[in-house]
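Asks: I'll drop the sequence and a predicted model, then ask my questions.
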Amino acid sequence: MRTVPTYSLYGVNSSEPLLDQLHFESIASRSQLYAWEIKPHRHERFLQFLYIHRGSGEALLEGRKERLASGSLITVPPHHVHGFVFAPDVDGIIVTMTDTYLRTLLAGLPGTVPLFEHPRHDRVARRHALAGTLALFREEMESVSPWRGASLSALLTLMLVGIARIAEASAPAKTQAGSRPARHFRQFQQLLETDYREQNDIAYYAGAIGVTPTQLNRICRQLAGHSALQLIHARVLAEAQRDLLFSDLDIKQIAMTLGFSDAGYFSRFFARLTGQTPTAFRESGRARLPAFAIKDALTATDMAGTADA
């Protein structure tokens with residue numbers, strides 16, 4: 001039985017922590033060890049940034065394929081499945097940090113942390129200020145200069161601000177980040193991320209953050225455009241889709257890990273939200289994935305049966 005691989009760094013077991021809250025390396029130094037293919041995986045509490053100075057490649061961000069070229073900047077938050085294949089001439093860097101370190105660096109910048117909650121692929125023009133910051137970060141990364149740590153921390157904060165500005169420009173906020181509804185919504189998101197497998201109702205989440213179910217629904221509709229229940233279902237669905245695409249768990253096993261009492265109930269839930277059975281989604285979804293993402297994946301068997309009935 002194989003679930004979606006979870007690492008601290010690719011190829012490093014997730015139970016083996018990073019020595020520091022921050023790690024950086026060249027793209028080539030790790031990917032060449034795996035024939036330039038980084039197969040789909042995710043990180044439990046690590047955020048990654050990948051920047052290509054020169055060369056090309058292809059990224060898989062959840063189920064979305066992205067062509068990579070000079071100036072590509074990829075942001076991958078914790079929990080999100082991603083993979084890469086690179087051309088051997090690729091030249092770039094990978095920065096890995098804990099989500100705690102991200103919050104530390106952005107502590108004085110309200111509203112910025114939520115901008116790093118979804119995978120992104122941005123193209124940074126050569127003359128953009130962020131490109132200059134990334135170039136300076138790489139120079140410092142490869143140096144042995146005095147006060148290198150302080151310099152890297154400052155440059156990393158500047159890099160995060162640049163990425164946050166790009167993200168904010170493409171998704172303008174619907175309310176003030178520091179407002180009470182925004183704080184309650186953020187609390188709901190954090191709680192949902194830890195408890196979505198428990199099949200809790202809206203009253204549970206509302207009570208945990210100190211509002212009524214009606215108030216929670218109003219906040220969710222105001223800030224996300226969906227009800228609280230829709231957001232709960234969306235989070236469960238996202239995890240189900242990841243397991244169907246990137247693991248060899250059968251339908252019953254996926255249903256159990258997500259808190260469903262039986263596979264039939266899970267399959268009806270999945271079909272109602274997607275218009276497909278879990279097996280049909282797995283087959284059609286894998287057919288669209290790049291070859292490197294599924295080359296070594298075990299073919300799912302014995303999953304349809306009564307589960308899709």
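Replies: Here it is on my side, so go on.
Asks: Would you tell me which helix is longest in the chain?
Replies: Scanning the chain for the longest helix, with DSSP state H as the assignment, gives helix 148-170.
Asks: next structured bit after that helix?
Replies: The element immediately downstream of helix 148-170 (helix or strand, assigned by DSSP states H and E) is helix 180-195.
Asks: Whatever helix or strand comes next after that following helix packs against which elements?
Replies: Moving toward the C-terminus from helix 180-195, the next helix or strand (DSSP H and E) is helix 202-209. Taking 3 or more C-beta pairs under 8 Å, 6 or more residues apart in numbering; DSSP states H and E as the contact definition, the neighbouring helices and strands of helix 202-209 are helix 180-195, helix 213-224, helix 228-246. For every residue, glycine as well, the C-beta is placed using N, CA and C.
Asks: Ok, which of those comes nearest S284?
Replies: Of all the helices and strands packed on helix 202-209, it is helix 228-246 that lies closest to S284, at 10.2 Å by C-beta to C-beta.
Asks: okay, the angle between that closest one and helix 180-195?
Replies: With axes from the mean of the first three to the mean of the last three C-alpha atoms, to 10 degrees defining the directions, helix 228-246 sits at 40 degrees from helix 180-195.
Asks: And the longest helix of the chain, what's buried?
Replies: Buried residues in helix 148-170, counting neighbours by 16 or more other C-beta atoms under 10 Å, are found at 151-152, 155-164, 166-167.
Asks: Quick check: closest non-adjacent residue to the residue nearest in space to the middle of the chain.
Replies: The residue at the geometric middle of the chain, judged as the C-alpha nearest the mean C-alpha position with C-alpha atoms, centre = their mean, is H80 (2.8 Å). With C-beta to C-beta, 6 or more residues apart in numbering as the measure, P119 is the residue that lies nearest to H80, at 5.1 Å, once sequence neighbours are left out.
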